[in-house]
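S.K.: Take a look and give me a structure for this.
(2 chains)
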Amino acid sequence: MAYPADLTDPAVRKRLITATAECIIARADELTALDSAIGDGDHGHNMKRGFDAVLASLDSLAAMDPPELLKSLGMKLVSTVGGASGPLYGTLFMALGKAWPQDLSRSGLAAAFEQAIAAVKARGKSEIGQKTLLDVLAPTLKALQEGADADAIAETAQRAAEATAPLRATRGRASFLGERSVGHVDPGARSAALIIVALCAEGSRI
Amino acid sequence: MSNVGIVIVSHSHKVAEGAADMVRQMVGEDVPLAWTGGNSAGGLGTDFAAIGEAINRAWSEAGVAILVDLGGAETNSEMAVEALPDNRRSRVVICNAPIVEGAVVAATEAAGGAPLNVVRRTAEELSP
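M.R.: As a prediction, this is how the structure comes out:
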């Protein structure tokens, strides 16, 4: 995560938004290929459309303080993504903005992230273990809570995405495939890991 | 109009339009009806803003029942409902029902003047 990057600096916010958007845009085809295997084959392109829209508003987003920025970024995704991932990622960012701590400590950030994950669960009526982005977000939160550094958090997220492969999907479009969803990494879990890895990497460089 | 309004939200423009045609054939002009299908780029998907507009087009003081097809249509509709003004939000429901049959049954019930909870219940009786 970005911590301990100085989020009061608009230039830092700009770099973190850019890193988030670019990691998805660069891997859109791969995400779509994963989704073609077990879903409706639009995840990468939908997410790319959303983050293209985010980049188009980069300057105005970066000028906002973190709560407002996260809320606006989430709303942008909801408005432009067009698939189920729009409301799910939109909710994640919007809830994170809503719960953003006054004092940006690790525990404050973890508490806000925990609330954001709860909001995604409620939005998707989903739980951990159903082969969704939650299966990456939850271990990431745990690593954050346990004091892991940025590299360790990134690695946790990456491994958690890979670990969705043997799971059988019980939520989302992949659940229609039942057993046939086994053996493929969940595209939403992959996109969540890409974002976390990108934020950790960029946060470490700042 | 005091009859409950119906909104159809599909991933597909053609499915939404076709379901709306079937509803119109059943109930004529007695029910406010709006539909939306496809994402903001014109492909398969759903569009948060377009759903909000459809709710407003089909608005009735008796409320609005929304029929959806797959996951994203439901989650996007939920967000569109949450974005409504306070005095409207509580009068919009998303029905857990098949989109085509649900829309026709809900509209037929609405055309008879049934309240929102009855319209919803009738549509949801179609779901196992």
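S.K.: could you give the mean pLDDT of stretch B:62-71?
M.R.: Across stretch B:62-71, pLDDT averages out at 96.
S.K.: Run through who's touching the helix or strand in which A:T156 is found.
M.R.: Using DSSP states H and E, A:T156 maps to helix A:150-162. For helix A:150-162, contacts defined as Cβ atoms under 8 Å, 6 or more residues apart in numbering or on different chains pick out A:1, A:135-136, A:138-140, A:142-144, A:148, A:185-186, A:189-190, A:192-193, A:196-197, A:200-201, A:203-204. All C-beta atoms are positioned from the backbone trio N, CA, C, and that covers glycine.
S.K.: Now whatever helix or strand A:T91 lives in: buried residues?
M.R.: Assessed by DSSP H and E, A:T91 sits inside helix A:85-98. For helix A:85-98, a neighbour-count test (16 or more other Cβ atoms under 10 Å in any protein chain shown) marks A:85-97 as buried.
S.K.: now, which of those lie close to chain B?
M.R.: A:85-88, A:90-91 (Cβ under 8 Å from any Cβ of the partner chain).
S.K.: Closest one of these to A:D9?
M.R.: Nearest to A:D9, judged by Cβ to Cβ, of these is A:G90 at 25.4 Å.
S.K.: Contacts only, for the closest residue to chain A within chain B.
M.R.: Distances between chain B and chain A by Cβ to the nearest Cβ are smallest at B:N39, namely 2.8 Å. For B:N39, the contacting residues are A:46, A:49, A:81-83, B:45-47, by Cβ under 8 Å, 6+ apart.
S.K.: if we can go back for a sec, got the CA positions of the helix holding A:T91 in CSV?
M.R.: Below are the C-alpha coordinates for helix A:85-98, written out as CSV (Å, rounded to 0.1, in the frame of the first residue of the first chain):
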residue,chain,number,x,y,z
SER,A,85,-16.8,-5.1,-11.8
GLY,A,86,-17.8,-1.5,-12.1
PRO,A,87,-20.0,-1.5,-9.0
LEU,A,88,-17.7,-3.8,-7.1
TYR,A,89,-14.5,-1.8,-7.7
GLY,A,90,-16.5,1.4,-7.5
THR,A,91,-17.8,0.3,-4.1
LEU,A,92,-14.3,-0.6,-3.0
PHE,A,93,-12.9,2.8,-3.7
MET,A,94,-15.9,4.8,-2.6
ALA,A,95,-16.1,2.9,0.7
LEU,A,96,-12.4,3.4,1.3
GLY,A,97,-12.9,7.1,0.7
LYS,A,98,-15.8,7.2,3.1
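S.K.: Show residues contacting it.
M.R.: A:43, A:46-47, A:50, A:66-71, A:73-81, A:112-113, A:115-120, A:123-124, A:133, A:137, A:188, A:191, B:48, B:72, B:75-76, B:78-79.
S.K.: what about the strands in chain B?
M.R.: Along chain B, the stretches classed as strands by DSSP state E are B:5-10, B:33-37, B:64-68, B:92-95.
S.K.: what does the shortest one rub up against?
M.R.: Outside strand B:92-95, the residues that touch it by Cβ under 8 Å, 6+ apart are B:55, B:63-68, B:74, B:77-78, B:81, B:84, B:102, B:106, B:116-117, B:120, B:123-124.
S.K.: from those residues, which would you call buried?
M.R.: Neighbour-count burial (16+ other Cβ under 10 Å) applied to these gives B:55, B:63-68, B:74, B:77-78, B:81, B:84, B:102, B:106, B:116, B:120, B:123-124.
S.K.: picking up where we left off before, put the buried members of the contacts of helix A:85-98 into a PyMOL selection.
M.R.: To isolate the buried ones among the contacts of helix A:85-98 in PyMOL, judged by 16+ other Cβ under 10 Å, type:
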select buried, (chain A and resi 43+46+47+50+66+67+69+70+71+73+74+75+76+77+78+79+80+81+112+113+116+117+119+120+123+124+133+137+188+191) or (chain B and resi 48+72+75+76+78+79)
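S.K.: Which strands or helices does the longest helix seen in chain B pack on?
M.R.: Using DSSP state H to define each element, chain B has its longest helix at helix B:13-27. With contacts taken as 3 or more Cβ pairs under 8 Å, 6 or more residues apart in numbering or on different chains; DSSP states H and E, helix B:13-27 sits against strand B:5-10, strand B:33-37, helix B:99-111.
S.K.: hey, which of the ones you listed is tucked in deepest?
M.R.: With neighbours defined as mean count of other Cβ atoms under 10 Å in any protein chain shown, the helices and strands packed on helix B:13-27 peak in mean count at strand B:5-10, which reaches a mean of 30.
S.K.: Centre of the chain to that strand, how far?
M.R.: Centroid separation for strand B:5-10 versus its chain: 2 Å, with Cα atoms, centre = their mean, to the nearest Å.
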